[in-house]
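Enquirer: heads up, no residue letters with this:
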């Protein structure tokens, strides 16, 4: 087992394994989410947290107690709670007269705050208000509609955060029949609309299926309020991939337009003088000639 | 010709029955298949968004999902454990990690030495056969202590050692020293890895030391003399330590000067004090009891 550099050794083997699981890895697991409440909770926010928690189970933790924290003023208590629960995404919900139903979504890097975005939820429809359902831990397809996602710098960063939150596990292959969930984010000038649907694949005249959608929930209408984004170099440092994760392209192998794979092999220098060619008996060396050649070789 | 027309008619009917999988968009969607992500930069129909919001959003989502799935269906597929899966390419969107990249841990002092000398670790089996006890004694783990005690029911006194010396206590102390030495080396390796400078002698200096730390430091400094702190001047309110707290004195017994008669008498004295113990008489209690009895007679 790899070693832990701690002064206090873990007393049990199980404890040691848990601590080793928290060490940084080359290929990371799913980011764990933490749901917490501020000074005052509201029904809408409670339902929202519960539904998002159901979507992210088992990689999520809900803290039930109210906390006297203001993330935009002092983020350290949130960082501590996240470190204790080994979470790197947090959903902080508070409500007050000035900012009703405010949900702050943020992500951490190395235990410190990276990005943080505050949304005010105007309208919320929960899972229970719709009939459709999907199996747990389904990886969703994500759709971002509206040119604002690309045009606005701020919204581009918000997009990156939302993908990080809803992406789930990073996979290399997917069972096509298992694509049952799609979440769409529409950005208008005033607000961001999140809609979540169940995908139903119907027969079509081609081999591609006809896609039909059913309202699944949750449906959230939110307004973007305050944001706190990471500096450029912190973001660069956070996005760095270790050497082992980078896939090395195979050198000397190429594919042409028709799809045939071409490879280059490097061969050594050919001994042109000793290539086996047709035997011509007349040109063969006699015994005497061979003796002379041997003597000259020895002299050299 | 008729046959051909029939076939074409049948195909046309078939395609009428099913809805189309084509979607027309002004601007192509930017797809990131590795993350199952689609970005639609077409203009939103703000009027319809206002009037029939949910319907418009559903249709928009349906169109975009159709385009995404069309591209996903084109991916190469393979079979994994009886399930047909499509192989996804690597995702293009660069998302930040949650923890920094793992750094290679620096080698410990022993590992560096072993590498230099080319020493390779030999795997040892756990159990060792002992002929005398006729049992497998484990080298570590479950039941090691118990079986080792059985194996070492007697310990030979080595040639030039003191016959009065307790070999079992000696063995136990050796083990204690080994364990504490190992712990010291482990902490030293951690300090080296974390680049924390630890002084060779004495306690490391701390920015804001607590009172316990200062007390320990004072004790250690006091005892760090040739006479183990016996002749150190004392401050007016300083408490003297018990003699054997920090550095216990090792008593060297000189056995050549004791005669056999003296030795015998001292041993017998010890035995008498243990076996010949008379019960202690509490005179006051006995008198009080007698008085009480007499009163109640």
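Expert: Sure, I can see it. On a predicted model such as this, the values are computed, not experimentally measured, just so you know. Numbers count the residues shown, from 1 in each chain, chains lettered A, B, ... in the order given.
Enquirer: what's the weakest-modelled helix or strand in chain B?
Expert: helix B:2-17 (a mean of 79; mean pLDDT, DSSP states H and E).
Enquirer: just the buried residues of whatever helix or strand comes next after that helix, please?
Expert: Sequence order places strand B:30-32 as the next helix or strand after helix B:2-17, per DSSP states H and E. Within strand B:30-32, the residues that count as buried by 16 or more other CB atoms under 10 Å in any protein chain shown are B:31-32. No exception for glycine: its C-beta is placed from N, CA and C like everyone else's.
Enquirer: so where do the helices sit in the chain?
Expert: No chain specified, so I'll use chain A. Applying DSSP state H to chain A gives helices spanning A:13-21, A:43-56, A:76-85, A:148-151, A:153-166, A:232-239, A:287-299.
Enquirer: oops, wrong one, chain B.
Expert: Using DSSP H, helices in chain B cover B:2-17, B:46-51, B:53-73, B:109-117, B:144-151, B:167-193, B:211-223, B:260-275, B:283-295.
Enquirer: which other residues reach the fourth one?
Expert: Pointing back at helix B:109-117 there. B:107, B:119-121, B:185, B:188-189, B:192 (CB atoms under 8 Å, 6 or more residues apart in numbering or on different chains).
Enquirer: go again using 7 Å as the cut-off
Expert: Under the criterion CB atoms under 7 Å, 6 or more residues apart in numbering or on different chains, residues B:107, B:189 lie in contact with helix B:109-117.
Enquirer: who are the neighbours in contact with residue B:76?
Expert: residue B:87.
Enquirer: can you rerun that using 10 Å?
Expert: Contacts for residue B:76 (CB atoms under 10 Å, 6 or more residues apart in numbering or on different chains) come out as A:173, B:86-87, B:89.
Enquirer: same thing with residue A:196?
Expert: With CB under 10 Å, 6+ apart, residue A:196 has these contacts: A:51, A:55, A:125, A:127, A:130, A:132, A:134, A:140, A:166, A:181-184, A:213, A:215-220, B:61.
Enquirer: one step back: deepest of the helices of chain B, which one?
Expert: Of those, the one with the most neighbours on average (mean count of other CB atoms under 10 Å in any protein chain shown) is helix B:53-73, at a mean of 19.
Enquirer: tell me which strands and helices it is in contact with?
Expert: If contacts are counted by 3 or more CB pairs under 10 Å, 6 or more residues apart in numbering or on different chains; DSSP states H and E, helix B:53-73 sits against strand A:141-145, strand A:181-187, strand A:192-202, strand A:210-215, strand A:219-228, strand B:30-32, strand B:37-40, helix B:46-51.
Enquirer: including mean pLDDT, could the ones you listed go into CSV?
Expert: Formatted as CSV, the helices and strands packed on helix B:53-73 follow (pLDDT from 0 to 100):
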stretch, mean pLDDT
strand A:141-145, 95
strand A:181-187, 95
strand A:192-202, 94
strand A:210-215, 93
strand A:219-228, 95
strand B:30-32, 93
strand B:37-40, 94
helix B:46-51, 90
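Enquirer: which stretches of the chain aren't confidently modelled?
Expert: In the absence of a named chain, chain A is used. A:1 (pLDDT under 70).
Enquirer: not quite, I wanted chain B
Expert: B:14-15, B:240-250.
Enquirer: tell me the bridge partners for residue B:40.
Expert: Beta-bridge partners recorded for residue B:40 (DSSP bridges): residue A:145.
Enquirer: now the helices of chain B in a markdown table, with distance to residue A:199?
Expert: Converted to a markdown table, those look like this (distance: least, CB to CB, whole Å):
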| stretch | distance to residue A:199 |
| --- | --- |
| helix B:2-17 | 21 |
| helix B:46-51 | 22 |
| helix B:53-73 | 6 |
| helix B:109-117 | 54 |
| helix B:144-151 | 59 |
| helix B:167-193 | 50 |
| helix B:211-223 | 64 |
| helix B:260-275 | 89 |
| helix B:283-295 | 93 |
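Enquirer: for residue B:40, which of these is the nearest?
Expert: Nearest to residue B:40, of all the helices of chain B, is helix B:53-73, at 5.2 Å by CB to CB.
Enquirer: give me the angle between that closest one and strand A:210-215.
Expert: Angle, helix B:53-73 to strand A:210-215, by axes from the mean of the first three to the mean of the last three CA atoms, to 10 degrees: 140 degrees.
Enquirer: what angle sits between helix B:53-73 and strand A:219-228?
Expert: 80 degrees.
Enquirer: now residue B:88: how far from residue B:76?
Expert: Distance of residue B:88 to residue B:76, computed by CB to CB, to the nearest Å: 10 Å.
Enquirer: kindly report the same for residue A:263.
Expert: According to CB to CB, residue A:263 stands 20 Å off from residue B:76.
Enquirer: so which of the helices of chain B gets nearest residue A:10?
Expert: Among these, the nearest to residue A:10 by CB to CB is helix B:167-193 (13.4 Å).
Enquirer: that closest one and chain A, any residue contact?
Expert: Yes. Using CB under 10 Å from any CB of the partner chain, helix B:167-193 reaches chain A at B:183, B:186-187, B:189-191, B:193.
Enquirer: in contact with the residue sitting nearest the centre point of chain A, which residues?
Expert: Centre of chain A computed as the mean C-alpha position; nearest residue by CA atoms, centre = their mean is residue A:170, 5.3 Å away. Applying CB under 10 Å, 6+ apart, we find residue A:170 in contact with A:27-30, A:139, B:34-35, B:88, B:90-91, B:95.
Enquirer: so which of the helices of chain B comes closest to residue B:159?
Expert: Shortest distance between residue B:159 and those, using CB to CB, is found for helix B:167-193: 12.9 Å.
Enquirer: which helices and strands does the closest one pack with?
Expert: Contacts defined by 3+ CB pairs under 10 Å, 6+ apart place helix B:167-193 against helix B:109-117.
Enquirer: wait, residue A:215 touches residue A:131, no?
Expert: Yes. Using CB atoms under 10 Å, residue A:215 is in contact with residue A:131, at 8.3 Å.
Enquirer: who has more neighbours, those two?
Expert: Neighbour tally, residue A:215 and residue A:131, criterion other CB atoms under 10 Å in any protein chain shown: the higher count belongs to residue A:215, 17 against 11.
Enquirer: what bridges to that one?
Expert: Under the criterion used (DSSP bridges), residue A:215 bridges to residue A:197.
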